[in-house]
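[1] Whatever this is, show me its structure:
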Amino acid sequence: MNQVSIIISTYKRVNLLNQVLKSLTFQDNIFEILVIDSHSNDGTKNLVESYNLNTDINVKYFDVDNNVSLKRNTGIKESSTKHLIFLDDDCIPDEHFVCDHLDSMSKNPNALNCGDVFFPKEHVKSSN
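    Numbering: from 1, shown residues only. You can find the predicted model right below:
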């Protein structure tokens with residue numbers, strides 16, 4: 001089975017990031033998770049280190065300037081697999097997220113796969 005690298009861009013959202021990481025720890029076929037931060041001072045780095053100590057998934061932390069393109073390009077450069085999945089720090093994947101993406105990749109190996117994101121109305125009205 002193919003394995004993937006999950007690339008997560010984040011900035012000062014440690015609580016949301018924790019939910020994303022927690023959801024990913026229950027999924028198969030993840031080789032590594034790369035968390036690309038921008039000098040957050042909210043405990044993001046410590047959170048990533050705690051996942052390295054308490055899970056079997058290799059979670060890597062990188063600190064770069066606050067630029068989404070730079071973050072994603074850093075993730076691409078530092079990843080160790082040929083299959084990449086990009087997430088933002090507020091996109092909490094469902095329980096079949098990784099398997100669904102791998103299934104789609106196997107059917108369309110040269111395609112760029114995109115997913116749907118659904119936000120509860122109360123979140124849209126109260127968040128940036």
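[2] F62 is in contact with L70, correct?
    No: assessed by CB atoms under 8 Å, L70 is found out of contact with F62, at 10.1 Å. Glycine gets a C-beta too; all of them are placed from N, C-alpha and C.
[3] more neighbours, the two?
    Neighbours were counted for L70 and for F62 using other CB atoms under 10 Å; F62 has more, 17 against 14.
[4] how about the strand ranked longest in the chain as CSV, C-alpha atoms only?
    Across the chain, the longest stretch assigned as strand under DSSP state E is strand 30-37. Extracted C-alpha coordinates of strand 30-37, given in CSV (Å, rounded to 0.1, in the frame of the first residue of the first chain):
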residue,chain,number,x,y,z
ILE,A,30,0.5,7.9,6.9
PHE,A,31,4.3,7.9,6.7
GLU,A,32,4.9,11.3,8.1
ILE,A,33,3.2,14.5,9.0
LEU,A,34,5.0,17.8,8.3
VAL,A,35,3.8,20.8,10.4
ILE,A,36,4.9,24.0,8.8
ASP,A,37,4.6,26.9,11.3
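[5] Show me what secondary structure element comes after that strand.
    Beyond strand 30-37 in the direction of the C-terminus, DSSP states H and E gives the next helix or strand as helix 44-54.
[6] Which positions within that following helix qualify as buried?
    44-45, 47-48, 51 (16 or more other CB atoms under 10 Å).
[7] Of those, which is the nearest to L24?
    Within the buried residues of helix 44-54, proximity to L24 (CB to CB) peaks at Y51, which comes in at 9.1 Å.
[8] hang on, isn't that closest one packed against T25?
    Yes: using CB under 8 Å, Y51 and T25 qualify as a contacting pair, with a distance of 7.3 Å.
[9] since we're on F31, how many residues are nearby?
    F31 has 15 neighbouring residues, counting by other CB under 10 Å.
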